[in-house]
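Enquirer: I need the structure of the sequence given here:
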Amino acid sequence: MKICFYALRPFDELAYCKQFSEQYGIDFTWTAEYPTADNVELAKGCDAVCMTPCDMGAEMVDRFAALGVRYLLCRSIGYDHVDRVRAKEHGMRVSNVGYTPNGVANYAIMLMLMCTRRMGHILKRAELQDYSLKGKMGRDLSSCTVGVIGAGRIGTTVLKHLSGFGCKLLAYDVYQNPEAAQLAEFVSLEELYARSDVITLHTNATGENHHLLNARAFAGMKDGVVIINTARGSLIDSDALIDALESGKVGAAGLDVIENENGLYYYNHSGDVLPNRELAMLRSFPNVIVSPHTAFYTDEDVASMVEGAFEALHCFETGQETWHEVSLK
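Expert: Next up, the predicted model:
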C-alpha cells in the first residue's frame, strides 16, 4: 500500500510520516505542493492521496480516480472540500482525522480573552510606543455569558475549560451531549443569541448550517457581542459580519477561519494582491483578530493528523470498520 501526500510540510509532518510509515507498513511519497491538474501524476501507482483542505472538487476527484486512486484521506477534521458525491460514483472511500480537542478549545478561549480585553488593539498601539490607557479598557470574561454552538468533543472541552473561569455557560446542539449538559444550559439558537455576551462556533460545515450566523442571526444578538470562529469559515456570512461590526452590533471578533480561505491560508502571499475583499475588510478593524487557520497547530495534533491517514488506509485495506470514514453511503 502506498499514499501520496500532497501539501506535506517537510519541517513538521515529514518526520511523523516516516515514523508511521514504518509502524503501519505503508509506503508513501510526498510533495509540498497542493494537488492540481499539473501534478496529479505524482499519485500514479498509489492507493490513496492525502491532503489538507484544498480544491478536491469533481474534476480533481475524476483525475485521481483515472489513475487508480481508491482512497481520499483528509488530513483534517473537515472534509467539506471533497466532492464526496463524485467520490462515491467512482467507488472511492473518504476519511478524515481527529485529534485531541484541547488545542482548538484552548485557542478559542485565547481568542475570547484577547477580544474581551482588546488585546489586538493594545498590541498594535504598543508597537507604536503608545502606552496610554484610553480606549483599552476591556471586559472580564468571568462576568460574561458564553454561548457555545456545537457540543461535540471540542465544544464540550471549551465548556469544561471555561467552567473554571466562572462564566455563565449556554450551549446549542441538535444532540444534547450528557457531559456538556452537566456544564451548560442547553437552549435554542435564538435564546443563545439573545443571552450571550460571547458566541463561539464548534460545529462542522454542512449545507444546512451554511451562513448560520447571518444578518438575521446578528440582529437577534446583544449589542457588542463577541464572535469567535475556530470551526469553519462558511458558518459566518462575511458581509453580514462586516455590517454588524460597522454598526457596533458585534463588538469584536476572533476569526481563525474565514470564507473562501482555500488558496490563501497555508501559502506565503507576501507582496501579493489577494482576491478576498472580505479578508481585507476584516483585517482593517481594530476589534477583529484574524489568524490563518492555526488553532489546530500543536505538536500533538500534527502527529495525530498524520497518523490518522495511515490508520484509515490500514483499516480500509484490512476490512476493519473505522471512525475515520466519512464516505457517502
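
Enquirer: residues touching Thr156, list them.
Expert: Neighbouring residues of Thr156 by CB atoms under 8 Å, 6 or more residues apart in numbering: 101, 177, 179-180, 183. C-beta here means a position set from N, CA and C on the backbone, and glycine is covered the same way.

Enquirer: and it, what's its pLDDT?
Expert: What the model reports as pLDDT for Thr156 is 98.

Enquirer: hang on, it in a strand?
Expert: No - counting by DSSP: H, G, I helix; E, B strand; the rest coil, Thr156 is not part of a strand but helix.

Enquirer: so what's it closest to, chain neighbours aside?
Expert: Ala180 (4.5 Å; CB to CB, 6 or more residues apart in numbering).

Enquirer: need the residues that contact the helix or strand where that neighbour lies.
Expert: Using DSSP states H and E, Ala180 maps to helix 178-181. Residues outside helix 178-181 that contact it (CB under 8 Å, 6+ apart): 148, 151, 155-156, 159, 171, 173, 186.

Enquirer: tell me the strands beside the following helix or strand past that helix, with direction?
Expert: Using DSSP H and E, the next helix or strand after helix 178-181 towards the C-terminus is strand 185-186. Strand 185-186 has the following strand partners under DSSP bridges: strand 168-172 (parallel).

Enquirer: the residue lying closest to Asn214 once chain neighbours are set aside: how many residues sit nearby?
Expert: Spatial nearest neighbour of Asn214, excluding adjacent residues (CB to CB, 6+ apart): Asp237 at 4.4 Å. For Asp237, the neighbour count with other CB atoms under 10 Å is 21.

Enquirer: can I assume Asp237 is in contact with Arg216?
Expert: No - with contact defined as CB atoms under 8 Å, Asp237 does not reach Arg216; the gap is 9.6 Å.

Enquirer: from the contacts of helix 178-181, which single one is nearest Arg283?
Expert: Nearest to Arg283 among the contacts of helix 178-181: Val148, at 25.9 Å, using CB to CB.

Enquirer: bridge partners for the closest one, pull those for me.
Expert: According to DSSP bridges, beta-bridge pairing links Val148 with Ala171, Thr200.

Enquirer: my guess is it meets Thr200, correct?
Expert: Yes - shown here, Val148 and Thr200 form a contact pair, counting by CB under 8 Å, at 5.6 Å.

Enquirer: now do the shared contacts for those two.
Expert: Joint contacts of Val148 and Thr200 (CB under 8 Å, 6+ apart) are 155, 158.

Enquirer: of the two, who's got more company?
Expert: Shown here are Val148 and Thr200; by other CB under 10 Å, Val148 has more neighbours (31 against 27).

Enquirer: tell me the contacts of that one?
Expert: Going by CB under 8 Å, 6+ apart, Val148 touches 155, 158-159, 169-172, 180, 184, 200, 202.

Enquirer: pull the residues that contact the helix or strand Leu245 falls within.
Expert: Per DSSP H and E: Leu245 is located in helix 238-247. Residues from elsewhere that reach helix 238-247, judged by CB under 8 Å, 6+ apart: 211, 213-215, 217-218, 227, 250, 253, 258-259, 278, 281-282, 285, 287-288.
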